[in-house]
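> No sequence on hand, only this structure:
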């Protein structure tokens, strides 16, 4: 798999580290314990397009937001961590 870093250009996957699901949001301070449990331990295992955090550890060291198909590993978009990516619509 090759990832197009917006800062360094197209690079091999071995230069990056997967950092997790970019669609998960941390519960607020007032959240119940169950919400924190779900945040830490419960994760979906989606088939299809998924937003992920990747860090370019052997390059610019930036954390990137990547839209990747978990079935084919096709990458549709790579942006800096503060930029937004629109998820493609899933077929019904």
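Alright, I've got the coordinates. Predicted model, so just to flag it, every value in this text is computed and none were measured.

> Tell me where the model's unsure across this structure.
For the chain, residues meeting the criterion pLDDT under 70 lie at 90-92.

> Identify the residue nearest the geometric centre of it.
residue 52 (0.7 Å; CA atoms, centre = their mean).

> where do the strands sit along the chain?
For the chain, the strands defined by DSSP state E cover 2-5, 9-12, 17-21, 49-55, 63-69, 75-80.

> Dump these to a markdown table, plus distance to residue 30.
Where C-beta positions appear, they are placed from N, C-alpha and C, glycine not excepted. Shown next, in a markdown table, are the strands of the chain (distance: least, CB to CB, whole Å):
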| stretch | distance to residue 30 |
| --- | --- |
| strand 2-5 | 37 |
| strand 9-12 | 41 |
| strand 17-21 | 23 |
| strand 49-55 | 25 |
| strand 63-69 | 27 |
| strand 75-80 | 31 |
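
> Select, out of the ones you listed, the one closest to residue 42.
Residue 42 lies closest, by CB to CB, to one member of the strands of the chain: strand 17-21, at 10.9 Å.

> my guess is residue 68 contacts residue 75, does it?
Yes: under the criterion of CB atoms under 8 Å, residue 68 makes contact with residue 75 at 5.1 Å.

> Show me which of these two is the more surrounded one.
Per other CB atoms under 10 Å, whichever of residue 68 and residue 75 has more neighbours is residue 68, with 21 against 17.

> how near is the more buried one to residue 83?
16 Å (CB to CB, to the nearest Å).

> and the gap between the nearest residue to residue 39 once chain neighbours are set aside and residue 35?
Ranked by CB to CB, 6 or more residues apart in numbering and with sequence neighbours excluded, the top spatial neighbour of residue 39 is residue 27, at 5.5 Å. Distance of residue 27 to residue 35, computed by CB to CB: 4 Å.
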